[in-house]
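> Curious how this folds, go ahead:
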Amino acid sequence: MPKILTTHTLHPRASAMLTGAGELVVASALDADTLATEARNADIIIVRAPLPSALFEGATKLRAAIRHGAGLDMVPMEAATAAGVLVANVPAVNARSVAEYVMFAALALLRRFRMVDRDLRAKGWLAGRDHTILASELAGKTIGIVGFGAIGQAVGHIAAHGFDLNVVATTRSMRPAPDRVGFLSIDALVEQSDIIVLCCPLTPETRGLINRERIGRMKLHALLINISRGPVIDDDALIEALQKDRIGGAALDVFATQPLPPNHPYFGFDNVIVTPHMAGITEQSMMRMGVGSADEALLVLANKLPVNLRNPEVVEHYRRRFPADI
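As a prediction, the model looks like this:
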C-alpha cells in the first residue's frame with residue numbers, strides 16, 4: 001500500500017479522501033533528520049513545513065511533494081527536480097482568508113486596538129477611550145499592494161469595493177489593471193500609499209525589498225502589512241523606523257526566523273501586530289488546501305500528472321523512474 005506522509009494533520013475531509021488510497025502517516029517531528037528518515041519509504045509527501053534537500057536523496061520511492069497551499073519556498077525545487085520528483089501546489093484557495101486578514105490588521109492598527117484593549121483591561125474605561133481620539137478610518141486612504149497574484153487581487157477587490165480605498169499595485173507583469181486599480185513602480189507605491197501590503201513571493205528580487213531606503217520614502221503615518229515572507233523586509237531597518245516613529249505601524253504575520261523568538265524587538269511596540277503565520281489559516285481554507293492536496297495526491301497515485309505541476313521539466317525523468325506511470 002502506498003505511503004502518504006504529511007508534515008501536519010490534514011482536514012478531516014482530506015484525510016477521508018485518502019483513506020483506502022494509501023497509508024496516511026503524520027510526521028512525528030518537523031526537524032530535517034526526522035523528515036528525511038520518515039520520507040525514505042514514502043510515495044507522496046504533503047508539505048506544510050520546510051523540507052531538507054537531503055530528503056530527496058534518500059527517498060527513492062518518492063513520486064511527488066505536494067504543497068499544502070501555494071508558496072513553494074518550503075520545497076527545495078532543484079533537489080526535487082534532480083531526484084525526479086513531481087512538485088505540485090494548491091494555488092489561490094486561501095486568498096480570501098489572507099485578504100480578510102489584511103483588512104482586519106489594517107483596521108486594528110488604525111483603530112489602535114492593541115492599546116485600547118490593553119488600557120481598558122488594566123486602567124479602565126476612560127483610559128481605553130483616550131486612544132480613540134487618534135484613531136482613523138480606512139475610507140479614502142490609498143492601499144498599495146506589492147504583488148498582484150490571487151491574494152493581491154483579493155485584497156484589492158475587498159479594499160476598493162468593500163472599504164472605498166484607493167488601490168494601487170505593483171507586479172512583475174504590469175498587465176492591464178482591473179477596475180479601480182492603478183499600477184505603479186515599487187518606489188512610487190511606497191511614496192504614495194497610506195497602507196502597504198506585501199503579497200509577493202520570496203525570490204532573489206524580493207528579498208530585502210522593503211529596505212532602509214524604501215522605508216525612508218514612506219509617509220510618516222504609513223502602515224506596513226506583511227503576509228508574504230519574512231525576508232522581504234529588512235528587519236533592522238523596520239525596527240529602527242519603529243523606534244524613531246518613522247512609520248505609523250506594522251502588522252507582521254511572517255518572519256525571517258519562525259517561530260519568532262519571544263524576546264524579539266517586534267513584541268515591544270504598541271503599534272505592531274504580531275501573528276504566528278496564520279493569515280491564510282481558517283477552517284474553510286484548511287479544508288480547501290487539504291482537499292486540493294488530496295486531489296493532487298490521488299492523481300499521482302492513479303498514474304497521472306498533478307493539475308498544478310510546478311516543475312514540468314521533471315516529467316521525462318519521472319517517467320524513467322516510474323515507467324508504468326502516466
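
> List the buried residues in stretch 198-214.
By neighbour count, with 16 or more other C-beta atoms under 10 Å as the criterion, the buried positions of stretch 198-214 are 198, 199, 200, 201, 202, 206, 209, 210, 214. Every residue, glycine included, has its C-beta placed from N, CA and C.

> quick one: average pLDDT of it?
When pLDDT is averaged over stretch 198-214, the result is 96.

> Run the chain-centre distance for the one helix or strand residue 292 maps to.
Under the criterion of DSSP states H and E, residue 292 resides in helix 283-301. Helix 283-301 sits 17 Å away from the centroid of its parent chain (C-alpha atoms, centre = their mean, to the nearest Å).

> which residues touch it?
2, 4, 10-11, 13-15, 17-18, 21-22, 43-44, 46, 63-64, 66-69, 86, 88, 90, 93-94, 96-97, 305-308 (C-beta atoms under 8 Å, 6 or more residues apart in numbering).

> Could you rerun that using 7 Å?
Under the contact criterion C-beta atoms under 7 Å, 6 or more residues apart in numbering, helix 283-301 has outside partners 2, 4, 10-11, 13-14, 17-18, 21-22, 44, 46, 63-64, 66, 68-69, 86, 88, 90, 93-94, 97, 305-308.

> Of these, which count as buried by neighbour count?
Applying 16+ other C-beta under 10 Å to the contacts of helix 283-301, the neighbour count classes 2, 4, 10-11, 14, 17-18, 21-22, 44, 46, 63-64, 66, 68-69, 86, 88, 90, 93-94, 97, 305-306, 308 as buried.

> which residues in the stretch 151-300 of the chain form helices?
In order along the chain, the stretch 151-300 of the chain carries the following helices (DSSP state H, counting those that start in this stretch): 186-192, 212-217, 235-243, 283-301.

> As CSV, those with distance to residue 122 would be great.
As requested, those are arranged in CSV below (distance: least, C-beta to C-beta, whole Å):
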stretch, distance to residue 122
helix 186-192, 36
helix 212-217, 32
helix 235-243, 22
helix 283-301, 32
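
> Just name the most buried of those helices.
Highest mean neighbour count among those (mean count of other C-beta atoms under 10 Å): helix 283-301, with a mean of 21.

> pull the CA atoms of that one into PDB?
The C-alpha atoms that make up helix 283-301 are tabulated as PDB, following Å, rounded to 0.1, in the frame of the first residue of the first chain:
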ATOM      1  CA  GLU A 283     -11.400  26.300   9.000                       C
ATOM      2  CA  GLN A 284     -12.600  26.900   5.400                       C
ATOM      3  CA  SER A 285      -9.100  27.500   3.900                       C
ATOM      4  CA  MET A 286      -7.700  24.400   5.700                       C
ATOM      5  CA  MET A 287     -10.500  22.400   4.100                       C
ATOM      6  CA  ARG A 288      -9.800  23.800   0.700                       C
ATOM      7  CA  MET A 289      -6.000  23.300   0.900                       C
ATOM      8  CA  GLY A 290      -6.400  19.800   2.300                       C
ATOM      9  CA  VAL A 291      -8.800  18.700  -0.300                       C
ATOM     10  CA  GLY A 292      -6.700  20.300  -3.000                       C
ATOM     11  CA  SER A 293      -3.600  18.400  -1.800                       C
ATOM     12  CA  ALA A 294      -5.500  15.200  -1.600                       C
ATOM     13  CA  ASP A 295      -6.800  15.600  -5.100                       C
ATOM     14  CA  GLU A 296      -3.300  16.000  -6.400                       C
ATOM     15  CA  ALA A 297      -2.100  13.000  -4.400                       C
ATOM     16  CA  LEU A 298      -4.800  10.800  -5.800                       C
ATOM     17  CA  LEU A 299      -4.000  11.900  -9.300                       C
ATOM     18  CA  VAL A 300      -0.300  10.900  -8.900                       C
ATOM     19  CA  LEU A 301      -1.300   7.600  -7.300                       C
END
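
> Check which element follows it along the chain.
Elements were assigned by DSSP H and E; along the chain past helix 283-301, the next helix or strand is helix 315-321.

> Off-centre distance for that following helix?
Using C-alpha atoms, centre = their mean, we find the averaged C-alpha position of helix 315-321 to lie 31 Å away from the chain's own average C-alpha position.

> what mean pLDDT does it have?
97.

> Show me which positions of it end up buried.
Across helix 315-321, burial judged by 16+ other C-beta under 10 Å covers 318, 321.

> and what of stretch 169-187?
169, 170, 171, 177, 181, 183, 184, 186.

> Isn't the third one up against residue 145?
No: with the criterion set as C-beta atoms under 7 Å, residue 171 and residue 145 do not qualify as a contacting pair; they are 8.4 Å apart.
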